[in-house]
Each structure stands twice: as structure tokens, then as C-alpha cells.
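>>> Pasting the sequence and the predicted coordinates here, then a few questions.
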Amino acid sequence: MRVRLLNILGTVLLALSQWGQVILLTRLLGVYEVGLFSYFLALTGPLVLFSRFMLSVLVPTQKKLSYDYQVFHQFRMLTNVSFLLFSSVLMLSSKLSFYESACLGIFVLFKFFENKEEFIYTENIAESNIAFLAYSKIYKSILTLALFTVITVTFNSLLFSISSLLVAQWIIYYFYDRRYSYVLKQQKVKLEWLQFKNIVGLGIGLTAVEVLNSFVTNIPRYMIEHFHGIETLGIFATIMYFSTITNNVVVAINETFVASLAKTSHSNIALFYRSFLRLCMMFLILVGIGEIILLLFGNRILVFVYGEQFEGFQQEMMLLGILLFLVVYIKLFEMALSILNIYRLQVILQSSTFVLTLVLSIAVIIPFGLKGAFIVAIITHSMLATGQLAVLVHHWRTKDLV
């Protein structure tokens, strides 16, 4: 329990560090730079998720393959190089200025090293070494925010600010994370074509789910940027960061439970569902507390953190409260479905949500802007959560739980 709480603390600190970066960019550089930073995240998000191929979930929970970590590591090296190549094409084909393209290029390198770190996280999740994840996140959050603050205050430049992220990530990866890698202590193996094919076959469903989920999240951002400008995207991104923090905390808690829940599901499906239900109830209490705080003090918090320019967004904060509830349970249901190796139905659900997001973004965001983006997010997240719950209930009823 102590280690799990430490990991949650590490994730909260990391989320607060990222939030601190957004606050500094907003107050020192302005909403245009925040919007540009959010646009970089939106552009690279699907590519990052595809390059990771959801190995952090696949390796601890899969039952069909008995490959060593080295095999999965070689696979990750291939996808990570592919990430660099596709990101370069994206950077060259975008309509960004030279300065903005340089910022994006450094941001891509930052994500490249973050992907390398994420595989070490994957190994340790599979080995239930949650303590490493906790301390890595704690050290990373402190170092990153310290460097980012000094560089942003000193140079007042987005280019230098993003460069500080790259430097901090490089330091953490080479001077701390690598010491806890299992594959770096082993002899390298060659990835065979059959192994590559089997990993793709096993993971493509879950990866497609995550990539589609990324598009569902980012399509409204693309629409806001194109039809309402980078500044409006910056406002949307700063408010939505409450959702990002919530998502990160839920993922951290899931990481501490995923290995044990997966083992339970293999031996006793009834016990798995009882444990998962208790987890859902725990989150219900936490979400309830968060919703009360958000409804009572949400707009005051927004103005206090980001400045007077964020006065008057009470309606958006109320819509955000609804969205946060859905975000929490979508991640919980997604973890349960992944543990149960239910991938095909997740692809169908995410594909349907993707189409709905695209249609609603055109119909609602273009005329209504910021409020329209929140409405689209709530409708699409509601549809996805309902579908996930229906699949889990169907699985629960059709399995022998005695």
C-alpha cells in the first residue's frame, strides 16, 4: 500500500509539474504560446501512442506470448524510430513558421526520449516494481519544473522552454531510469519476423483503441485551431488541463493495480470483478470530492492560477466537471477491458466515437467555439463510457462467476 501511495504521489507531482509549465507559459508568454504548445501535443499525440503500441498494458497482461523483454524492446526501438520519421514528415508538411517548426522539432526529440523511458516503466510494471515508477516520477517532476522555470523566466522563449523539457528528460533517462532496465543488462537479441507479426497481431487492437481515443481528444483541438485560432485553443487547453491531471492520476492508480488484477482475472474471474467494483467505488468517492471543489471554487481557481483574462468561464467549468467524471470511468473501464483481452469491441466503440466526434466537431465547434468543444467532449465521452460499461456487464453475465 505504501508503494502504491508513493506512485500516486509521484504521478500527482508530475501532473502538477506539467500544470506548472502551463501556468508559466500562460503568465509569462501568453495564451498564444500555450495554444501552440497544446497544438504540438495534439499533432504528435496519435503518433506517440502508436509508437508505444500500448506495451505498458500488453506486456503485463497478455497470456498468448511468452517472449522475453528483449523481444518487446527491439519492437519498441523500431516503432520509436518510425515515430521520428513520421514526425519529421508532419513537421515539414505543416504550415508552421521556421521558429514554430524548430519548437516542434525539439518537442519531438523530447517525446522520443520519453518513449524510451516509458518502456523501462513497462518492464517494471510487469515485474510489479512500482517503487521505481514512483521515485522516477518524483525526481523527474522536480527536475523538470525547476529547469523549466529557470529557463522560461530567463529567456522568455517557447523554444528554450521546450528545450529544457528535452534536457530534463535526457538527464532522468540516462542517469536514473536506465539503472532499472532489465533489457539493458541482457544480451541483445534479434527480432524475428514471426515475433514482430505476433506482437502486431496481439497489440494492434488495443493500439487502435488508444490512437482513436487520441483523435477523439484532439479533433476538437484541430477544429478550434483551424476555425477559431491558436489563442482560443490556448484557453481551451488551460481549462482542459484539469482533465489531463485527472487522467494522469487515474492512469497511475491503474498502473499499481493492473498486474495484480490481471493475475486475479486468470485464476478467479468473480474475485476480479469484486476487486474492480471496489476500485470503482473508491474513485466515486474521490470524484465526488473533486466535483464539489470544482463547482464551489472552480472559476476562482481558474482566475487565481491563470490570471484575470480567465474571468467569466463559469459555464465552461461546470461542463468540465461533468467531463471529469466521464474521464475517470472511461480509463477504469478501459483497463478492465484490456485485462480481459477484449480488444475488438473496444476498436468498434472507439471507431464509433471517432465518427461521432468528427461529425459533432463540424456541427457544433465551428459555430459555438469554446463551449461547443466542451459539449462535443461530454457527448462523445458519454457514448464511449456507456458502451464500455455495456461490454463489461455482458462479459460479467456470460462468464461462470461461481
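Structure's in. What do you need? Residues are numbered from 1 along each chain as shown.
>>> Pull up the gap between Ser214 and Ile245, please.
18 Å (CB to CB, to the nearest Å). Yep, even glycine has a C-beta here, placed from its N, CA and C like the rest.
>>> Neighbour count for the two, which is higher?
Ser214 (21 against 18; other CB atoms under 10 Å).
>>> do you know how far the residue lying closest to Ile8 once chain neighbours are set aside is from Ile172?
Excluding the flanking residues, the one nearest Ile8 by CB to CB, 6 or more residues apart in numbering is Ala252, at 5.4 Å. Per CB to CB, Ala252 is found 17 Å from Ile172.
>>> rewinding a little: how is the residue nearest to Ile8 assigned, secondary-structure-wise?
Three-state call for Ala252 (DSSP: H, G, I helix; E, B strand; the rest coil): helix.
>>> same deal with Thr244?
At Thr244 the chain is in helix, as set by three-state DSSP.
>>> you'd agree it is up against Thr11?
No - taking contacts as CB atoms under 8 Å, Thr244 lies outside contact range of Thr11: 11.7 Å.
>>> List the backbone torsions phi and psi for the closest residue to Leu295 other than its chain neighbours.
Distances taken as CB to CB, 6+ apart put Gly321 closest to Leu295, at 6.0 Å, once the chain neighbours are dropped. Main-chain dihedrals, Gly321, degrees, to the nearest 10: phi -60, psi -40.
>>> Just to check, Leu159 is in contact with Ile106?
Yes - applying CB under 8 Å, one finds Leu159 in contact with Ile106, separated by 7.0 Å.
>>> Mind checking which of these two has more residues around it?
When neighbours are counted by other CB under 10 Å, Leu159 and Ile106 differ, and Ile106 comes out ahead with 20 against 15.
>>> Tell me the helices and strands packed up against the one helix or strand the more buried one maps to.
In the assignment (DSSP states H and E), Ile106 maps to helix 98-126. If contacts are counted by 3 or more CB pairs under 8 Å, 6 or more residues apart in numbering; DSSP states H and E, helix 98-126 sits against helix 31-52, helix 55-61, helix 69-93, helix 130-155, helix 158-175, helix 230-267.
>>> For whichever strand or helix holds Gly205, what is the distance to the chain centroid?
Assigned by DSSP H and E, Gly205 belongs to helix 193-228. Chain-centre distance of helix 193-228: 12 Å, with CA atoms, centre = their mean, to the nearest Å.
>>> same question, stretch 319-333
The chain centroid and the centroid of stretch 319-333 are separated by 14 Å under CA atoms, centre = their mean.
>>> With just CA atoms, put that stretch into CSV.
Output in CSV follows, covering the C-alpha atoms of stretch 319-333 (Å, rounded to 0.1, in the frame of the first residue of the first chain):
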residue,chain,number,x,y,z
LEU,A,319,-19.1,21.4,-18.2
LEU,A,320,-15.6,20.4,-17.2
GLY,A,321,-17.0,18.9,-14.0
ILE,A,322,-19.2,16.6,-16.0
LEU,A,323,-16.4,15.7,-18.3
LEU,A,324,-14.0,14.8,-15.4
PHE,A,325,-16.4,12.2,-14.1
LEU,A,326,-16.6,10.5,-17.5
VAL,A,327,-12.8,10.7,-18.0
VAL,A,328,-12.2,8.8,-14.7
TYR,A,329,-14.5,5.9,-15.5
ILE,A,330,-13.5,5.6,-19.2
LYS,A,331,-9.9,4.9,-18.0
LEU,A,332,-11.1,2.4,-15.4
PHE,A,333,-13.4,0.6,-17.9
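>>> Quick one: mean pLDDT over that stretch.
Taken as a whole, stretch 319-333 has a mean pLDDT of 90.
>>> contacts for it?
Residues from elsewhere that reach stretch 319-333 (CB atoms under 8 Å, 6 or more residues apart in numbering): 239-240, 242-243, 246-247, 250-251, 254, 276, 279-280, 283, 287, 290-291, 294-295, 298, 371, 374-375, 377-378, 381-382, 384-385, 388-389, 392.
>>> now do stretch 362-376
220-221, 223-224, 227-228, 232, 235-236, 315-316, 319-320, 323, 357, 360-361.
>>> Whichever of the residues you listed end up buried, select them in ChimeraX.
If you want just the buried ones from the contacts of stretch 362-376 in ChimeraX, going by 16 or more other CB atoms under 10 Å, the selection is:
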select :220,221,223,224,228,232,235,236,316,319,320,323,357,360,361
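>>> Any figure for the gap between the nearest residue in space to Glu225 that is not next to it in sequence and Thr244?
Closest residue to Glu225 apart from its sequence neighbours, by CB to CB, 6+ apart: Leu233 at 4.7 Å. Look at Leu233 and Thr244: by CB to CB, they are 14 Å apart.
>>> higher neighbour count, the two?
Neighbours per residue (other CB under 10 Å) separate Leu233 from Thr244, with Leu233 holding more: 28 against 17.
>>> so what's that one up against?
Leu233 makes contacts with Gly35, Ser38, Tyr39, Arg221, Ile224, Glu225, as judged by CB under 8 Å, 6+ apart.
>>> Same question for Leu90.
Leu90 sits next to Leu43, Thr44, Leu47 when contact means CB under 8 Å, 6+ apart.
>>> mind redoing it with 7 Å?
The contact partners of Leu90, by CB atoms under 7 Å, 6 or more residues apart in numbering, come to Leu43.
>>> what's the answer for the one 10 residues further on, then?
Applying CB under 7 Å, 6+ apart, one finds that Glu100 lies in contact with Leu36.
>>> Format the contacts of Leu233 as JSON lines; extra columns: pLDDT and distance to Ser163.
Formatted as JSON lines, the contacts of Leu233 follow (pLDDT from 0 to 100; distance: CB to CB, whole Å):
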{"residue": "Gly35", "pLDDT": "92", "distance to Ser163": "19"}
{"residue": "Ser38", "pLDDT": "91", "distance to Ser163": "18"}
{"residue": "Tyr39", "pLDDT": "93", "distance to Ser163": "18"}
{"residue": "Arg221", "pLDDT": "92", "distance to Ser163": "23"}
{"residue": "Ile224", "pLDDT": "94", "distance to Ser163": "27"}
{"residue": "Glu225", "pLDDT": "91", "distance to Ser163": "23"}
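>>> Appreciated, that's everything.
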